[in-house]
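Participant: A predicted structure for the sequence below; I have some questions about it.
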Amino acid sequence: MELHFTWRNGDTEMHQRQVAVFVQSASADRSKALLLTGTSHGAFKDEWNLAFEAMLGSMRLHAPVPAVAQSAQES
């Protein structure tokens with residue numbers, strides 16, 4: 001899911017992009033979210049949009065941790 005926001009901070013127009021990725025955790029009753037946010041004074045320039053897209057494109061999610069190992073990590 002991608003969201004775009006614009007608001008004013010004094011005389012400055014702020015812009016923000018948020019990308020959320022929702023994944024099921026090893027436990028069936030839980031899910032997790034990864035939220036990436038980019039914020040800019042004024043509209044994003046092409047170079048920053050390209051950098052944001054490159055960062056997103058380089059990310060890889062790993063398989064969920066098995067429930068037994070996850071329980072030990074959360075303790």
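Facilitator: Okay, I see it. Keep in mind that what you see is a predicted model, and the values were worked out from it rather than measured.
Participant: What pLDDT does the model give residue 31?
Facilitator: Residue 31 is assigned a predicted lDDT (pLDDT) of 79.
Participant: what's around it, how many residues?
Facilitator: 10 (other C-beta atoms under 10 Å). (C-beta placed from N, C-alpha, C; glycine too.)
Participant: One more: the one 5 residues further on?
Facilitator: Applying the criterion other C-beta under 10 Å, we find 14 residues in the vicinity of residue 36.
Participant: Shouldn't it be within a strand?
Facilitator: Yes - when DSSP: H, G, I helix; E, B strand; the rest coil is applied, residue 36 is found to be in a strand.
Participant: In what element of secondary structure is the residue nearest to it when sequence neighbours are not counted found?
Facilitator: Once flanking residues are discounted, residue 36 sits nearest to residue 19: 4.8 Å by C-beta to C-beta, 6 or more residues apart in numbering. Using DSSP states H and E, residue 19 maps to strand 12-24.
Participant: Please save the CA atoms from that strand in PDB.
Facilitator: C-alpha atoms of strand 12-24 as PDB (Å, rounded to 0.1, in the frame of the first residue of the first chain):
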ATOM      1  CA  THR A  12       6.600  25.400   3.700                       C
ATOM      2  CA  GLU A  13       4.600  22.800   1.900                       C
ATOM      3  CA  MET A  14       5.700  19.300   3.100                       C
ATOM      4  CA  HIS A  15       5.300  16.100   1.100                       C
ATOM      5  CA  GLN A  16       5.400  12.600   2.400                       C
ATOM      6  CA  ARG A  17       5.400   9.100   0.800                       C
ATOM      7  CA  GLN A  18       4.600   6.000   2.900                       C
ATOM      8  CA  VAL A  19       4.800   2.500   1.700                       C
ATOM      9  CA  ALA A  20       3.400  -0.300   4.000                       C
ATOM     10  CA  VAL A  21       4.100  -4.000   3.500                       C
ATOM     11  CA  PHE A  22       2.000  -6.300   5.700                       C
ATOM     12  CA  VAL A  23       3.200  -9.900   6.300                       C
ATOM     13  CA  GLN A  24       1.800 -12.800   8.200                       C
END
